[in-house]
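A.B. asks: What shape does this take:
(one chain, ligands or ions: 2)
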Amino acid sequence: MKHLLSIEQLQGDEIEKILSLAAELKKDRKASPQVLSGQQWALIFTKSSTRTRVSFEVGVRELGGQAMFLSGADIQLGRGEPIKDTARVMGRMIHGAIIRTFAQQDVVDFSQYSGIPTINALTDDEHPCQILADLQTINERFGSWKGRRVAFLGDGDCNVARSWIWASARLGFELVIGAPKEFQPAADFMARIPGKTVSITDDPKAAVEGIDAIYTDVWVSMGKEAESTERIEILRPWQINAGLMKGAKSDAIVMHCLPAYRGKEITDEILEQQAGVIFDQAENRLHAQKAVMVTLVE
Ligand code: CP
Ligand code: NVA
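C.D. replies: Ligands and ions are numbered 1, 2, ... in the order given. Here you go, the predicted model:
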């Protein structure tokens, strides 16, 4: 495994290996293998970030490397220099790249033209690092993701939902996408998903029934701000609140990749009740991503 570009491109056993390494690394941060010693890694971000930026900067350093943050707006990329040129320049100077941007193709192109390990830190298509940390959190809560039922509620066509869909297909656990028709995964995308582990419903009550982990994400993903009013209106019935949770299993956990918009996709009450799980997800970004970087340079 040379890059982490998507969950789509991972095999089930590769995911399992990363998760088991992430659990090991979490046990003792001070004992992190110094596999990035002498290496320079760049974070190239053209979208905002708190968790991803901090966890990668800390993670690179804990593995013995040095991290440099490059805002897309500050480097020539923001003035139109092609990604393939940026990639060829950086490939001659640095040892790894972590990229957050809009088009998935940009991350793919960077990996090909730079020749250095490249990690997708969120694109419009996928958020693979998030889902690895989420699976780690599910393993911690339930012992294993095996046999667990997960539901993603809200914008079922967003990057986080798509990465969940691929995770379900690759690992074989049951995933329910609960979303109104307007925000269900696109048919051409679903046509690419192997197996029958993913189902889609437009009924919020049905979506949470018998589910172990109920997941939501912001209704207005980065880049979709112009659709804000319409999205909030259509997605309102999909809020995770006390009423909806009455129909869920009493021991169901609620997950959120953060940042959360209280009063929109989740109420303050539910977020605070589930803060233990939700902030474990955030912390696990560090451990899961360190496991990814170790795997890429092995
Ligand atoms: N969940 C997540 O990726 O958070 P940031 O946008 O803050 O990095
Ligand atoms: N779907 C969200 C995830 C943020 C971490 C977005 O793309 O903005």
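A.B. asks: Can you get me a residue count around the closest residue to ligand 2 within the stretch 51-200 of the chain?
C.D. replies: For the stretch 51-200 of the chain and ligand 2, the shortest gap (Cβ to the nearest ligand atom) falls at Cys158, measuring 4.4 Å. For glycine as for every other residue, the C-beta is placed from the backbone atoms N, C-alpha and C. Using other Cβ atoms under 10 Å, Cys158 has 25 other residues around it.
A.B. asks: Kindly state the pLDDT recorded for the spatially closest residue to it that is not a sequence neighbour?
C.D. replies: Closest residue to Cys158 apart from its sequence neighbours, by Cβ to Cβ, 6 or more residues apart in numbering: Ser221 at 5.0 Å. On pLDDT, Ser221 comes in at 98.
A.B. asks: mind listing what's buried in stretch 165-184?
C.D. replies: By neighbour count on 16 or more other Cβ atoms under 10 Å, the buried set for stretch 165-184 is 165-171, 173-180, 183-184.
A.B. asks: How about stretch 10-30?
C.D. replies: Buried-residue list, stretch 10-30, by 16+ other Cβ under 10 Å: 10, 15-16, 18-19, 21-23, 25-26.
A.B. asks: Also stretch 230-240?
C.D. replies: 231, 234-235, 238-240.
A.B. asks: If we check ligand 1, which of those are in contact?
C.D. replies: When those are filtered against ligand 1 using Cβ under 6 Å from any ligand atom, no residues are retained.
A.B. asks: so what's Ile138 up against?
C.D. replies: Neighbour list for Ile138: 145, 148, 150, 212-213 [criterion: Cβ atoms under 8 Å, 6 or more residues apart in numbering].
A.B. asks: which ones among those are found in strands?
C.D. replies: 150, 213 (DSSP state E).
A.B. asks: Make TSV out of the buried residues of stretch 10-30 and add secondary structure.
C.D. replies: Formatted as TSV, these follow (DSSP: H, G, I helix; E, B strand; the rest coil):
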residue	secondary structure
Leu10	coil
Ile15	helix
Glu16	helix
Ile18	helix
Leu19	helix
Leu21	helix
Ala22	helix
Ala23	helix
Leu25	helix
Lys26	helix
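A.B. asks: Cheers, nothing more for now.
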